[in-house]
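Asker: Provide a 3D model corresponding to the input given below.
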Amino acid sequence: MAKQAQDITFNKNEDSMKLLVSTMKQRLSKVAEGGGKKSIDKLHEKGKLHARERLKLLFDPETPCIEIGAFTAMGMYTEHGGCPSGGVVVQIGYVSGRQCIVVANDATVKAGAWFPITGKKNLRAQEISIENKLPIIYLVDSAGVYLPMQDEIFPDKENFGRIFRNNAVMSSMGITQIAAIMGSCVAGGAYLPIMSDEAYIVKNTGSIFLAGPYLVKAAVGEEIDAETLGGALTTTEVSGICDYAAENDEDCLQHIRSTIDKIGSFNKAGFDRVKPVKPALAEDEIYGIMPDDISKQYDVLDIIKRLVDDSVFDEYKSAYGKTIVCGTARIDGWSVGIVANQRKVVKTKKGEIQIGGVIYNDSADKAARFIMNCNQKKIPLVFLQDVTGFMVGSKSEHAGIIKDGAKLVNAVSNSVVPKFTIIMGNSFGAGNYAMCGKAYDPRLIVAWPSAKIAVMGGAQAAKTLLQIQVASLKAKGETITPETEKALLDKITNHYNETMDPYYAASRLWVDAIIDPLDTRKWISMGIEMADHAPIEKSFNVGVLQT
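Answerer: Residues are numbered from 1 along each chain as shown. Below you'll find the predicted structure:
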């Protein structure tokens, strides 16, 4: 791999990114402990495996794997003792050679109980399965709804019950769903495995019923133990609600692997792929190219050429609309169309200066047309976000920036080819929307540790909020000294910066993951392979546009 000459700025950037990646990996290690080592040891004493141990045995050894929502609920529910990773582990990997998505309850986190964010994470897993017609496997080990927060979990459209509705819809779509009852499976949660295509249950540790022994006694006065009520022998020999009884976790997982091994082939979308080639330029130089400060400039082409095969990028309209770079390339052999924000200040042929990271009229127009071309040619789209928003001011307004921005948003919204979004730096305001933010249905959306996600930059937002608060205090007759104003600004800035942090976004599932930049190729490649399960059935149509 060719290496560029390094300078002080490069080394400073590299050190900063390595520190961010190191912090991320340390946090991932902590997340992987779930409810803690003692809780995992208690599972082992019962003859059970931890959720992550189950996943490791289920997936093919030495094959790539990506995790959705590892940082879910980070910093949330502290008054309830926290909920690491939302109490459920979701990974996409390979089972008997077939790509699958797996949802595994973590019984070390409140006995696998469902918090509000747990429901959201499960729905996200099902959404990925539905969009990509990807087989889904549920490893069930849950005490059901977390009752202290039941009012936020139970009744709404995007809550707990939606999962069972999805089970039914997915079955009608022919999406393979396999469930393994590897621990407790209680109340409404009992419907998930039984609405799946096949249900396994593990002897002695697995149980499934609408009401457990304590509730049965309270409701009807009957005394009965869990195994007799809904254990493996009862559910496979008496009620018949489960299909197979497994001896232990390992036996159950092997049975699932055997079942997946027998599934027939699927109709592919037909996205183009050739033999993968590594980038000609060194991938790890991304660390030194990406600035340590999101306000600094860099050339996004330097990033692109370290992500694409053989560092070959065919740029579209390179001399026009320079604050968005568009072009085609290959990533791990897959044909892709790339839409990337250009962060360096550029000069137009008219001699005008355009600020990097800002979307101008011409760049919005160019990107919209490029997206249309990719849809016509059935080329998946990759968005590389580092955007501060659309250009403002009388010149842009009179030139119709809203109209051109709407054209780009329309093209992104109606795109029928799969979209994948990487937030590398800034993701502010309507720029987030135009560059395929979460609301615009990317098949996967991830952030680098350098990402910042907000309505506007921290400094501008803090000053705006300060003006509002100062005016409010003055209206109440309070005296504002320079010291008071500075303290207020510091408080606002600190809070705003906290909410811009990528971990804040990841904890709420605004992004699917925070990743090492060097894993970007893997995420895009596995994402397109996943999307290739679902043939495009809808024609591309942007509807009514202002021209």
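Asker: which outside residues touch the helix or strand encompassing residue 503?
Answerer: Residue 503 is part of helix 502-507, with elements assigned from DSSP states H and E. With Cβ atoms under 8 Å, 6 or more residues apart in numbering as the test, helix 502-507 has contacts from 27, 69-76, 117, 423, 447-453, 498, 511, 513-514. Quick note: C-beta positions are derived from backbone N, CA and C, even for glycine.
Asker: again with stretch 302-316
Answerer: Taking Cβ under 8 Å, 6+ apart as the rule, stretch 302-316 contacts 276-283, 285-286, 289-290, 301, 325-333, 336, 338, 340, 366, 370, 373, 384, 424, 520-521.
Asker: Quick check: helices, which of the residues you listed are part of them?
Answerer: 286, 289, 301, 366, 370, 373, 520, 521 (DSSP state H).
Asker: returning to what we had before: write the PyMOL selection for whichever of the contacts of stretch 302-316 are buried.
Answerer: Per 16 or more other Cβ atoms under 10 Å, the buried members of the contacts of stretch 302-316 correspond to this PyMOL selection:
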select buried, resi 279+281+282+283+285+286+289+290+301+325+326+327+328+329+330+331+332+336+338+340+366+370+384+424+520+521
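Asker: in the chain, what spans have low per-residue confidence?
Answerer: Residue ranges of the chain with pLDDT under 70: 1-5, 457-462.
Asker: report the longest helix in it, please.
Answerer: As assigned by DSSP H, the longest helix anywhere in the chain is helix 8-32.
Asker: ok, and for that one, which residues are buried?
Answerer: 13, 14, 16, 17, 20, 21, 24, 27, 28, 31, 32.
Asker: Next: stretch 394-407.
Answerer: Of all the residues in stretch 394-407, those buried under the rule 16+ other Cβ under 10 Å are 396, 400, 401, 404, 405, 406, 407.
Asker: Provide the contact partners of that stretch at residue level.
Answerer: Here stretch 394-407 has contacts from 359-362, 364-365, 368, 390-392, 430, 434, 542, 545-547, using Cβ under 8 Å, 6+ apart.
Asker: repeat that for 10 Å
Answerer: Contacts to stretch 394-407, defined as Cβ atoms under 10 Å, 6 or more residues apart in numbering, come from residues 321, 352, 358-369, 371-372, 389-393, 430-431, 433-434, 542, 545-547.
Asker: returning to what we had before: so after the longest helix of the chain, what's the next helix or strand?
Answerer: Going down the chain from helix 8-32, the next helix or strand is helix 37-45, by DSSP H and E.
Asker: now that following helix, how far from the centre of its chain.
Answerer: Computed by Cα atoms, centre = their mean, to the nearest Å, the separation of helix 37-45 from the middle of its chain amounts to 29 Å.
Asker: Now do the next helix or strand after that helix and helix 37-45, the angle between them.
Answerer: Following helix 37-45 in sequence order, the next helix or strand is helix 51-58 (DSSP H and E). Using axes from the mean of the first three to the mean of the last three Cα atoms, to 10 degrees, the direction of helix 51-58 lies 50 degrees away from that of helix 37-45.
Asker: What helices and strands are in contact with helix 51-58?
Answerer: Here helix 51-58 touches helix 8-32, helix 37-45, strand 88-95, strand 98-105, strand 136-142, strand 177-186, helix 249-261, going by 3 or more Cβ pairs under 10 Å, 6 or more residues apart in numbering; DSSP states H and E.
Asker: Can you list the buried residues in the last one?
Answerer: Counting neighbours by 16+ other Cβ under 10 Å, one finds that the buried residues in helix 249-261 are 249, 252, 253, 255, 256, 257, 259, 260.
Asker: The closest residue to the first one other than its chain neighbours: neighbouring residues, count only.
Answerer: Spatial nearest neighbour of residue 249, excluding adjacent residues (Cβ to Cβ, 6 or more residues apart in numbering): residue 49 at 4.5 Å. Look at residue 49: counted by other Cβ atoms under 10 Å, it has 24 neighbours.
Asker: One more: residue 463?
Answerer: Residue 463 has 13 neighbouring residues, counting by other Cβ under 10 Å.
Asker: That one and residue 470: what is the separation?
Answerer: 10 Å (Cβ to Cβ, to the nearest Å).
Asker: Now the common contact residues for those two.
Answerer: Contacts common to residue 463 and residue 470, judged by Cβ under 10 Å, 6+ apart, are residue 489.
Asker: The residue of the chain positioned farthest from its centre and residue 448: what is the separation?
Answerer: Farthest-out residue of the chain from its mean C-alpha position, per Cα atoms, centre = their mean: residue 477, at 47.1 Å. Distance check for residue 477 against residue 448: by Cβ to Cβ, it reads 47 Å.
Asker: next one: residue 156
Answerer: Taking Cβ to Cβ, one finds residue 156 at 33 Å from residue 448.
Asker: Reformat the buried residues of helix 249-261 as CSV; add distance to residue 187.
Answerer: Shown next, in CSV, are the buried residues of helix 249-261 (distance: Cβ to Cβ, whole Å):
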residue, distance to residue 187
249, 23
252, 22
253, 25
255, 26
256, 24
257, 30
259, 27
260, 29
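Asker: ok, which pair from those residues is furthest apart?
Answerer: 249 and 260 (16.7 Å; Cβ to Cβ).
Asker: Residue 395: what secondary structure?
Answerer: helix (DSSP: H, G, I helix; E, B strand; the rest coil).
Asker: what do you get for residue 453?
Answerer: When the rule is three-state DSSP, residue 453 gets the label strand.
Asker: cool, residue 484 as well?
Answerer: Under three-state DSSP, residue 484 falls in the helix class.
Asker: Check the burial of it by counting its neighbours.
Answerer: 13.
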